[in-house]
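>>> Provide a 3D model corresponding to the input given below.
(2 chains)
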2 protein chains.
Amino acid sequence: ASAPAVVHAQSTIRWRLASSFPKSLDTIYGGADVFSKKVSEMTGGKFTISVHAGGELMPAFGVVDGVQNGTVEMAHTVPYYFFGKDETFALGAAIPFGMNSRQMTAWMYEGNGLKLMREFYAKYSMINFPGGNTGAQMGGWYRKPIKSMADMKGLKFRVGGFAGKVVERLGGVPQNIPGGEIYQALEKGTIDAAEWIGPYDDQKLGFNKVAPNYAYPAWWEGGPQIDFFINQKAYDALSAEYKAIVECAAAAAHSSMQAKYDAKNPLALKQLVAGGTKLFPFPKDVMDAAFKESMALYSEISAKNPNWKKVYDDFSKFRADQNLWFKFTEAKFDSFMQSQKL
Amino acid sequence: ASAPAVVHAQSTIRWRLASSFPKSLDTIYGGADVFSKKVSEMTGGKFTISVHAGGELMPAFGVVDGVQNGTVEMAHTVPYYFFGKDETFALGAAIPFGMNSRQMTAWMYEGNGLKLMREFYAKYSMINFPGGNTGAQMGGWYRKPIKSMADMKGLKFRVGGFAGKVVERLGGVPQNIPGGEIYQALEKGTIDAAEWIGPYDDQKLGFNKVAPNYAYPAWWEGGPQIDFFINQKAYDALSAEYKAIVECAAAAAHSSMQAKYDAKNPLALKQLVAGGTKLFPFPKDVMDAAFKESMALYSEISAKNPNWKKVYDDFSKFRADQNLWFKFTEAKFDSFMQSQKL
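Presented below is the predicted three-dimensional model:
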């Protein structure tokens, strides 16, 4: 028999993906591997995407420029890294006292989140697909524990991007230090504290050895989203089938990353505590002051940045509704289970 | 130029999917629509799956038999409906005081959950893919609120499947009534209470009109998983590309359903409360007694059902680790946000 007519035949496609993460972090870097593997499997190897670690093709924080100007077809990164271009980027990842992981995903997939953020990212000639979430992060490693707001004054704190704006308003001194240099700065006492992600990733970087006090929660990262950014022209050139394949591979990577963090964090936490790490919650006065300063900051940005205002108005309404709902059955089920001997 | 050689060409495939749900529930029924749509899009319409509501091709609770004997290639259902065949089915969906939605997904994707459940489902000649989660459900509608364990005695309670075993141990009288007949039974007083899912779905069925007291949480459903069950031979006949497409379409449907519930429940809850629904938490003595009886039940089942024991041993260890981890940063972030004016 003759071969069937292939209506939807696709050419071979080779893309490059620039990650902002080091290969050593199988969790957050690994999301791009999952995506690339699934796309290749679904297309029988016809659509392949090579994944490049942060710094390999371009600086880790240069990946949005890289996608925008077409140096690479796509990137895997945390949108808030780019708040210096426009604060609106932070709303696509996490802002202090934002949403948790499930809420963020609900806003993206079933609220207005994806629609609004895509309108914004179009200004950078790119389209996004949610590509992972870490869950609520830990609040960082401190040489001395924070007992009250007084301890925030003058604190030299390595903290990711946008959250530094709030730390500054609390009297702290935010430091921007690449992941690979944090350990040494903390050991030397050049900085007083540093936050990274959570037990599994932090343990690899060894911060517990030089700053044994481990705070929770990272009120600035209740559920940060990682994104795939794709150059709009490269995306538009895909067939309808390949577009759907990209979307579903991203969805698989998105849930896979959160599952990986959830599965791997408990053992790391137990090992850290067994090794002498001391957990402490941020004191109430710090949480309250940080909340107040965050809300004041958002009002100020809303007054001067219409891109931010448009997205934040929707984000904050969705966040209010989510917390109203989650505080009943979700919170009650969880708190009961957390108080049992299991 | 001549047409390229099509190494991975696929034949046209038509499958039928039997759902256990009525079309009116766009959330839980809708997961199968999302799956079918994505598979069709990714294959340019070459692989199509027609979705049939509960009762259309076979009884809603006959879908596992249907998949096992090949009447349909696949089903979309809640595994715990089939605990009468073997209690182990319940572990693939939800058991009283089991895991929440994220924990269940982590166990499936990154713990041993999928591996262990697939070993078990192989006895029924089928393979599963996680296909949605509702999140923590509400605890049902009561003609009179439950104030203590005394109110559980003799309570005629319409409750889904496996949880009835625990309700019975608490002195209640579990009732097995199909979704479409619950309203009338509750109105007439044939039953005292009924649980279904949560605000968005329950509102559609109108239970609030006849039983205004709405309990939380459904301690028997902290995060029930819905599954796609596929006949093993039908699955084995797929090419590697189509297998990957099925997996990623299922992953997209899985996260999409949870997002839909999270996005839609808040408004429904507000409307219900505005309309006179009274929320109440299960009293501590009921929660404690239910927890104790559930653990006793699991020990009894473990002693006589090796299928259950193998899976439950892993499930319960994972659950303990998850709750240890979630009680720090996740719980603290959520409870702070839930206590703010947003």
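
>>> List the buried residues in the lengthiest helix in chain A.
Looking across chain A with DSSP state H, the single longest helix is helix A:240-274. Neighbour counts using 16 or more other CB atoms under 10 Å in any protein chain shown place A:241-266, A:268-269, A:272 of helix A:240-274 among the buried residues. From N, CA and C alone the C-beta is placed, and that goes for glycine too.

>>> From those, list the ones also adjacent to chain B.
A:241, A:244-245, A:247-249, A:251-252, A:254-256, A:258-260, A:262-266, A:269 (CB under 8 Å from any CB of the partner chain).

>>> what ranges do the strands span in the stretch 101-250 of chain A?
Ranges of strands in the stretch 101-250 of chain A, per DSSP state E, counting those that start in this stretch, are A:126-133, A:141-142, A:156-158, A:173-175, A:193-194, A:213-216, A:225-231.

>>> Pull the residues that contact the third one.
It stands for strand A:156-158. Residues from elsewhere that reach strand A:156-158 (CB atoms under 8 Å, 6 or more residues apart in numbering or on different chains): A:140, A:167, A:172-177, A:182, A:185-186, A:190-195.

>>> That strand - which strands sit beside it in the sheet, and in what orientation?
Strand pairing for strand A:156-158, determined by DSSP bridges: strand A:173-175 (parallel), strand A:193-194 (parallel).

>>> can you redo the ones you listed as CSV with mean neighbour count and mean pLDDT?
Output for those, formatted as CSV (neighbours: other CB atoms under 10 Å in any protein chain shown; pLDDT from 0 to 100):
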stretch, mean neighbour count, mean pLDDT
strand A:173-175, 18, 95
strand A:193-194, 26, 98
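
>>> so which of these comes closest to B:Lys153?
Closest approach to B:Lys153 among the strands paired with strand A:156-158 (CB to CB): strand A:193-194, 55.2 Å.

>>> got a list of contacts for the closest one?
The contact list for strand A:193-194, computed with CB under 8 Å, 6+ apart, reads A:140-143, A:155-159, A:175, A:177, A:182, A:185-186, A:207, A:211.

>>> what's the answer for stretch A:140-152, then?
Residues beyond stretch A:140-152 that count as contacts (CB under 8 Å, 6+ apart) turn out to be A:155, A:157-159, A:167, A:170-172, A:186, A:189, A:192-196, A:202, A:207-208, A:210-215, A:218, A:278, A:280, A:282-283, A:285-286, A:289.

>>> Just the buried residues of those.
Looks like the contacts of stretch A:140-152 have A:155, A:157-159, A:167, A:170, A:172, A:186, A:192-196, A:202, A:207-208, A:210-215, A:218, A:282-283, A:286, A:289 buried, using 16+ other CB under 10 Å.

>>> Walking through the stretch 1-150 of chain A, point out its helices one by one.
Ranges of helices in the stretch 1-150 of chain A, per DSSP state H, counting those that start in this stretch, are A:30-42, A:63-68, A:88-91, A:101-110, A:113-121.

>>> Just name the most buried of the ones you listed.
helix A:88-91 (a mean of 27; mean count of other CB atoms under 10 Å in any protein chain shown).

>>> and that one, average pLDDT?
Here helix A:88-91 scores 98 as its mean pLDDT.

>>> chain center to it: distance?
Centre-to-centre, helix A:88-91 and its host chain are 11 Å apart (CA atoms, centre = their mean, to the nearest Å).

>>> Please see if that helix touches chain B.
No: residues of helix A:88-91 contacting chain B under CB under 8 Å from any CB: none, with a closest distance of 15.3 Å.

>>> what comes into contact with that helix?
Taking CB under 8 Å, 6+ apart as the rule, helix A:88-91 contacts A:79-83, A:98, A:117, A:120, A:161-162, A:305, A:307-308, A:311-312, A:315.

>>> So how do I select the buried members of those residues in PyMOL?
Command for PyMOL that selects the buried part of the contacts of helix A:88-91, burial taken from 16+ other CB under 10 Å:
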select buried, chain A and resi 79+80+81+82+83+98+117+120+161+162+307+308+311+312+315
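
>>> that older thread, which one of the strands of the stretch 101-250 of chain A lies closest to B:Lys332?
strand A:213-216 (5.6 Å).

>>> my guess is A:Ala53 meets A:Ser19, correct?
Yes: counting by CB atoms under 8 Å, A:Ala53 touches A:Ser19, with 5.6 Å between them.

>>> out of the two, which sits in the more crowded spot?
Shown here are A:Ala53 and A:Ser19; by other CB atoms under 10 Å in any protein chain shown, A:Ser19 has more neighbours (27 against 17).

>>> How about the more buried one: what's its closest non-neighbour residue?
A:His76 (4.7 Å; CB to CB, 6 or more residues apart in numbering or on different chains).

>>> Distance of the one you found relative to B:Lys243?
25 Å (CB to CB, to the nearest Å).

>>> Quick one: distance of stretch A:272-283 to the chain centre.
For stretch A:272-283, the distance to the chain centre is 23 Å (CA atoms, centre = their mean).

>>> how long is that stretch end to end?
22 Å (CA to CA, to the nearest Å).

>>> what comes into contact with that stretch?
Contacts of stretch A:272-283 (CB under 8 Å, 6+ apart): A:139, A:145-149, A:199, A:202-203, A:208, A:212-217, A:219, A:290, B:328, B:332.

>>> Give the PyMOL command for selecting the buried subset of the residues you listed.
Entered in PyMOL, the line below selects the buried ones among those, by 16+ other CB under 10 Å:
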select buried, (chain A and resi 139+145+146+149+199+202+203+208+212+213+214+215+216+217+219+290) or (chain B and resi 328+332)
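
>>> residues in the stretch 1-150 of chain A within reach of chain B, list them.
Residues of the stretch 1-150 of chain A lying near chain B (CB under 8 Å from any CB): A:3-4, A:6-9, A:11, A:38, A:41-46, A:97, A:100-103, A:105-111, A:135-139.

>>> at 6 Å instead, please
For the stretch 1-150 of chain A, the contact set with chain B under CB under 6 Å from any CB of the partner chain comprises A:6, A:8, A:38, A:41-42, A:44, A:102, A:105-106, A:109-111, A:136, A:138.

>>> Count the neighbours of A:Lys292 for me.
Around A:Lys292 there are 14 residues (other CB under 10 Å).

>>> secondary structure class for it?
Secondary structure, DSSP: H, G, I helix; E, B strand; the rest coil: A:Lys292 is helix.

>>> which stretches of chain A have low pLDDT?
For chain A, residues meeting the criterion pLDDT under 70 lie at A:1-10.

>>> Now for A:Asp262: which residues touch it?
B:Arg102, B:Ala106 (CB atoms under 6 Å, 6 or more residues apart in numbering or on different chains).

>>> quick one, phi/psi of A:Ile28?
phi -80, psi -40 (degrees, to the nearest 10).
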